[in-house]
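1. pasted the sequence and its predicted model underneath.
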Amino acid sequence: MVFIVLKNVDVINNYFICILYNCKKFVIIAIDTVGEMRSLAKFFKSKEFYDFCNSVFGKLPVPIDVIDQNGTLIYINKAFCDFLGNTEEYFLGQVVTHVEKTSRFLDTLESRQAEIAWKHTFSNGKDAIVHRIPIIDDDGSLSGGFGMILFEDISAMQEVIDRYKVLDKELRLYKSTIARLNAAKYTLSNIIGNSAAIINCKGKVKKIARVNLNVLIFGESGVGKELFAHSIHNESNRNDQPFVGINCSAIPENLIEAELFGYEEGSFTGAKKGGHIGKFQLANGGTIFLDEIGEMPLHMQAKLLRVLQEREVQPIGSKTPVKIDVRVVCATHRNIKEMVEKGEFREDLYYRLNVLTLEIPPLRDRKTDIPDLVDKFLGEFYKETGIYRRMPDNCMAILANYNWPGNVRELRNIVEKVSVNAEDVDITEEDFPAYMLKQTGKGANNIVANMSEESGLKQILDSVEKEVIIKTLKECNNNKSEVAKKLNIPRASLYRKIEEYELEV
């Protein structure tokens, strides 16, 4: 890959001269004013070539020389003459090994292989780091060689290396700090539950994490979409890179672009000195989590789409885009497909984001997980307050029979509320909010009343699960595929439950 292109913009005796240099080849092309290529071998003998080299290299403080295909010096600048301790007249026209016995230039011509940053000891005893690069004609034939001294003093190179090591160490420390500050907090072990629905979801997370594609997480408010987003990151090969989250509904519309993409200093009134790094750049190499993506304004959806397509962001006020490598995980409680039909969400963005889909079941469809969740929340309550509480079976039945519109978030709130209300270790029915007792009282009392004295929590929960399956079968006209989909459980699990509860279908 050519990474340096120097052009002499002046016409030297009807020639335009071009230098192409890529650390492997050094190509000099002479083009006359009518576009005809000239032979480099002939051109090297000309005064035009010498004048050109002198105009480009003559005043550089870097020692540079050029030889023809026979190893004869055809150009040497003043810096090289001073380094070797002689005049230009002395060197020009001589074979390079005659004036510098230790030179490897002829070996470079023979091998046609560039020697980059080689340590070399000159005849005058000086050590230096040098480049020796073959010059290739436009037809691929060898025309000579280009040499330069990168460092005239080995210690100078060592200083650069040491400085680079320090900068590299600081950069790695900075990246490590960024990753630590923006680390994903939760793993699959933080997702509590052993219901078929939740086990199925955890299995999907592991599959999704294996591939580096965008993910759209669906689920009602309070089901724990953020926990699953964190878990996807921690299960992926990006788990040692940053995880950056942003709630699209929590940021004012006029600030969301600056938060996502950043801005340059002075780009708008109120911009911070030094600018601001956007969330996408902070997440570079890792994962960005866009929560409540359904609340993103339409004009921002267009800009997000461009970022996903081009894999680059352009901070506000900057003329230069920044390349990024970020996996995008989004979450929403809204029906995005319906929003697309209404023109509230861009269809092209929807398909960009919805490459992989994860649907989180509501708590009412995984009620067998309630005891484990309650134990977790009671344990956290004890750690925070030092107050120990227990949830008896009759109270657990109330929880099992409630509909949970607020899902796991609401369950946590209720557990904390009744734990505070309770006057003893054991929580009682009187500690629950009246609206819960009103909704669940009949169902809970019936379930408990129909149980024998030996019946425990498992029997109560099994009864609730049985009722849910019976109800859903009726709603779906005994279509088992629809029932399994609605309850978010594998069909095999549904068949097993039907057989276990001896249901007639």
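-> Great, that's in hand. Residues are numbered from 1 along each chain as shown.
2. Asn200 and Ile232: what is the separation?
-> Using CB to CB, to the nearest Å, we find Asn200 at a distance of 15 Å from Ile232. Placement of C-beta: from N, CA and C, glycine included.
3. look at the two and report which has more neighbours.
-> The neighbour comparison of Asn200 against Ile232 (other CB atoms under 10 Å) goes to Ile232, with 27 against 16.
4. mind checking pLDDT for that one?
-> Looking at Ile232, its pLDDT reads 96.
5. what sits against it?
-> The contact partners of Ile232, by CB atoms under 8 Å, 6 or more residues apart in numbering, come to Val205, Ile208, Ala209, Val215, Thr287, Val329, Leu358.
6. which one of those has the most neighbours?
-> Going by other CB under 10 Å, Val329 tops the contacts of Ile232 with 29 neighbours.
7. that residue reaches Ala209, doesn't it?
-> No - using CB atoms under 8 Å, Val329 is not in contact with Ala209, being 10.2 Å away.
8. any common contacting residues for these two?
-> Listed as contacting both Val329 and Ala209 by CB under 8 Å, 6+ apart are Ile232, His233.
9. specify the local secondary structure of Lys119.
-> Assigned with DSSP: H, G, I helix; E, B strand; the rest coil, Lys119 falls in the strand class.
10. quick one: the residue nearest to it when sequence neighbours are not counted from Ser103, how far?
-> Excluding the flanking residues, the one nearest Lys119 by CB to CB, 6 or more residues apart in numbering is Ile129, at 6.0 Å. Look at Ile129 and Ser103: by CB to CB, they are 15 Å apart.
11. those two - which one has more neighbours?
-> Neighbours were counted for Ile129 and for Ser103 using other CB under 10 Å; Ser103 has more, 22 against 19.
12. so that one, which of the three states?
-> From three-state DSSP, the assignment for Ser103 is coil.
13. who are the contact partners of it?
-> Taking CB under 8 Å, 6+ apart, one finds Val96, Thr97 in contact with Ser103.
14. one more: Ile199?
-> Gly193.
15. let's see that with 10 Å instead.
-> Gly193, Arg366, Ile489, Pro490, Ser493 (CB atoms under 10 Å, 6 or more residues apart in numbering).
16. quick one: low-confidence ranges for this structure?
-> Within the chain, the stretches with pLDDT under 70 are 1-42, 138, 152-158, 160-161, 168-183, 270, 440-460, 505.
17. specify the local secondary structure of Lys337.
-> helix.
18. now the closest residue to Pro315 other than its chain neighbours. Its backbone dihedrals?
-> Spatial nearest neighbour of Pro315, chain neighbours left out: Gly262 (4.0 Å); criterion: CB to CB, 6+ apart. Main-chain dihedrals, Gly262, degrees, to the nearest 10: phi 80, psi 180.
19. quick one, domains of the chain?
-> Recorded structural domains for the chain (assignment: automatic domain parsing) are 4-152, 188-361, 364-500.
20. with distance to Arg163 as extra columns, can I get those in a markdown table?
-> A markdown table is the format used below for the domains of the chain (distance: least, CB to CB, whole Å):
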| stretch | distance to Arg163 |
| --- | --- |
| domain 4-152 | 13 |
| domain 188-361 | 24 |
| domain 364-500 | 49 |
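21. out of these, flag the one nearest Tyr164.
-> Proximity to Tyr164 (CB to CB) singles out domain 4-152 among those, at 13.1 Å.
22. coming back round to it: let me know which of the domains of the chain is the nearest to Glu159.
-> Here domain 4-152 is closest among the domains of the chain (CB to CB), at 9.4 Å.
23. run the chain-centre distance for that closest one.
-> Distance of domain 4-152 from its chain centroid, counting by CA atoms, centre = their mean, to the nearest Å, is 44 Å.
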